[in-house]
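In: Here is the input, now give the coordinates:
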Amino acid sequence: MALGNVFMRDTDGHFPVMQSNTIETVCGLIFDISGQTNFWTTGGGATIADTWKDKVIELNSLNDAIEAGLTEYTGKVDSETSQSKDVLAGIPYYHIRQFFGMAGGSGRLFVMFADCSKDWNAIIEMQRAAGGAIFQIGVWTEQQLWSKPDESAATYSVGLIADINRAATELADEYFSPVSILLSANTSKVKVGSTTNNQIAISQIPSCVVDARYVTVLLSQSMDVNVRKMQASLASTTPVGLVGLALGTLVRANVGTSIGWVREFDLVNYLPAIEMGFGDSTVSDGLLTNSLSYSALTKAQLNALADAGYVFARTFEGLEGHAYFSNDHTCSDGDFSTISRNRAINKSRRLIRIALLPYVNSPIKVDPSSGSLSAAQVTVFENLIRDVLTAMETAEEISATAFVTVSADQNILVTKKLVLSYGIVPMGCAESIEVTEGLYVSQQA
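Out: Residues are numbered from 1 along each chain as shown. The predicted model follows:
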């Protein structure tokens, strides 16, 4: 017979799409090195191989990253090997600095360099190395997000997301440690048939909503000269992106809160201006020919990207000089269509599982007249779950407890299984606000 445990499963309530424990502040960051030839034996990678190869390292500050050999971009090249002296063009240091800056200077960030060319098991390996503590993982990869089977296709196809979501689903279902995945992939090039095109057509960018609740796709980056140089120094010209900044914002955010909350999460200190990191990735004079500035996009184009499920940095008229995340959408259009909804249910299931674990293999008193659960035992387990959810409600991580059900009719003497269920009402989010205005000849009653 299989080992006893507490098994958690989400249900989708199919409603329309229109602080507390610190577990939700633990993050992971994976740098996929599959696009780098001989990463551990040449260039900057060779200088950190003893420390980083095949390891998951926890960083608690930017100084920890520096002591572990990660430094900012310099652009220096070894004269003998022509290899960059910077570790992955300085991108790991950049994102770690962004993370700790946004997170308040300290925190728990697990970092890993892994070859993800065959699969995304690195996500599972990182979580296992962290003892299941990680609540959200950022993935930076040079693998291309978009492709096109042939030139005649009207839109690109989207890849990577389904495979990454499968790894996240395995974490949730098999290892009881669900996470939100923030994906920053190569969007500067698109594979068309057997060739690679450096030019991205905005009108052909596909939806990333592919029933992948655990994954969020990030676009855009800081319009900064060093960011541009870092991107252009990669043979893949993969955008540097915003994954470290997004993770740092999640550390600050209540689990029921969107990282797009304008009042709380101003990115002004991290984004002097915004560009998309794609357009024409042909490198000229050490920079991309066109990395497409945010301001060059029309409202229709920006709305199309948002409707397609992507999360990117944006600005608002009247708040010039400031930047914000557009929303916190995931690659799902179901109940779990936002990171905040996922984080809320993920936190509840983690805490309730921990609360229930002491009762595995425990004696459960039954009603001697029926063999069903006694009324006292029903009350014990209902209160156990309600206490967890009430604490989340008090912390404004959820709106309310929808229900807690512990049926007295279950025959635990026969099944040796205790069945419970619960539902939560998530926090709402005003992604848009509509106001009607007008002129009147007199004051209205």
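
In: average pLDDT across stretch 65-80?
Out: In this model, stretch 65-80 has a mean pLDDT of 91.

In: same question, stretch 179-197
Out: 95.

In: just stretch 321-337 next, same as before
Out: Taken as a whole, stretch 321-337 carries a mean pLDDT of 97.

In: For that stretch, output the C-alpha coordinates as CSV.
Out: C-alpha atoms of stretch 321-337 as CSV (Å, rounded to 0.1, in the frame of the first residue of the first chain):
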residue,chain,number,x,y,z
GLY,A,321,8.8,59.2,-15.8
HIS,A,322,7.2,56.3,-13.9
ALA,A,323,6.8,52.7,-15.0
TYR,A,324,4.7,49.8,-13.8
PHE,A,325,4.0,46.2,-14.7
SER,A,326,1.0,45.9,-17.0
ASN,A,327,-0.8,43.3,-14.9
ASP,A,328,-0.1,39.9,-13.4
HIS,A,329,-1.7,37.6,-16.0
THR,A,330,-0.7,33.9,-16.3
CYS,A,331,-1.0,31.8,-19.4
SER,A,332,-4.5,30.6,-18.4
ASP,A,333,-8.0,32.0,-19.0
GLY,A,334,-9.6,30.0,-16.2
ASP,A,335,-10.0,30.7,-12.5
PHE,A,336,-6.2,30.8,-12.2
SER,A,337,-5.6,33.5,-14.7
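
In: what about the strands in the stretch 201-350 of the chain?
Out: For the stretch 201-350 of the chain, applying DSSP state E, counting those that start in this stretch gives strands covering 215-217, 221-222, 274-275, 280-284, 287-290, 313-314, 324-325.

In: Please produce a markdown table containing those, extended by distance to Leu420 and mean neighbour count.
Out: Heads up, the C-betas are built off the backbone N, CA and C, glycines and all. A markdown table is the format used below for the strands of the stretch 201-350 of the chain (distance: least, Cβ to Cβ, whole Å; neighbours: other Cβ atoms under 10 Å):
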| stretch | distance to Leu420 | mean neighbour count |
| --- | --- | --- |
| strand 215-217 | 29 | 28 |
| strand 221-222 | 45 | 26 |
| strand 274-275 | 46 | 23 |
| strand 280-284 | 52 | 17 |
| strand 287-290 | 54 | 17 |
| strand 313-314 | 42 | 23 |
| strand 324-325 | 36 | 22 |
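
In: And these: which comes nearest Gly260?
Out: strand 324-325 (4.5 Å; Cβ to Cβ).

In: between the strands of the stretch 201-350 of the chain, which gets nearest to Gly101?
Out: strand 221-222 (12.2 Å).

In: partners of that closest one, with directions?
Out: Sheet pairing here is set by DSSP bridges, and for strand 221-222 it gives strand 274-275 (antiparallel).

In: Identify the residues contacting the lengthiest helix in the chain?
Out: For the chain, the helix with the greatest residue count under DSSP state H is helix 375-394. Contacts to helix 375-394, defined as Cβ atoms under 8 Å, 6 or more residues apart in numbering, come from residues 20, 255, 344, 347-348, 351-352, 355-356, 359, 364-367, 398-401, 404, 406-408, 418, 420, 422, 424.

In: can you count the residues close to Ser117?
Out: Counted with other Cβ atoms under 10 Å, the neighbours of Ser117 add up to 12.

In: which residue packs closest to Gly428, ignoring adjacent ones?
Out: Leaving aside its chain neighbours, Gly428 sits nearest to Ser399 (7.1 Å; criterion: Cβ to Cβ, 6 or more residues apart in numbering).

In: Let's verify the nearest residue to Thr41 once chain neighbours are set aside: helix, strand, or coil?
Out: Counting by Cβ to Cβ, 6+ apart, Ala49 is the residue found nearest to Thr41 once chain neighbours are left out, at 7.4 Å. Reduced to three states with DSSP: H, G, I helix; E, B strand; the rest coil, the structure at Ala49 is helix.

In: thought Ser372 was touching Val406?
Out: No: contact criterion Cβ atoms under 8 Å: Ser372 and Val406 do not qualify, at 11.2 Å.

In: higher neighbour count, the two?
Out: Neighbours per residue (other Cβ under 10 Å) separate Ser372 from Val406, with Val406 holding more: 20 against 17.

In: That one and Leu373 touch, don't they?
Out: Yes: with contact defined as Cβ under 8 Å, Val406 reaches Leu373; the gap is 7.2 Å.

In: so what sits against both of those two?
Out: Leu418.

In: Just list whatever residues bridge to Trp146.
Out: Going by DSSP bridges, Trp146 is paired in beta bridges with Val158.

In: low pLDDT regions in this protein?
Out: Residues of the chain that meet the criterion pLDDT under 70 lie in 1-22, 445.

In: most centrally placed residue in it?
Out: Leu182 (2.7 Å; Cα atoms, centre = their mean).

In: Where does it sit: helix, strand or coil?
Out: strand.

In: Report the separation between the closest residue to it other than its chain neighbours and Val209.
Out: Nearest non-adjacent residue to Leu182, counting by Cβ to Cβ, 6+ apart: Gly138, 4.6 Å away. Applying Cβ to Cβ, to the nearest Å, the value for Gly138 to Val209 is 20 Å.

In: Please tell me I have it right and the residue nearest to Gly428 contacts Cys429.
Out: No: Ser399 is beyond contact range of Cys429, at 11.2 Å (criterion: Cβ under 8 Å).

In: picking up where we left off before, please check the contacts of helix 375-394 and keep the buried ones.
Out: For the contacts of helix 375-394, a neighbour count by 16 or more other Cβ atoms under 10 Å gives the buried set as 255, 344, 347-348, 351-352, 356, 366, 398, 401, 404, 406, 418, 420, 422, 424.

In: what about the residue nearest to Leu182, which SS state?
Out: Secondary structure, three-state DSSP: Gly138 is strand.

In: how many neighbours does it have?
Out: 29.

In: same check, this time on Leu297
Out: Neighbourhood size, Leu297 [other Cβ under 10 Å]: 18.

In: Nothing else from me, thank you.
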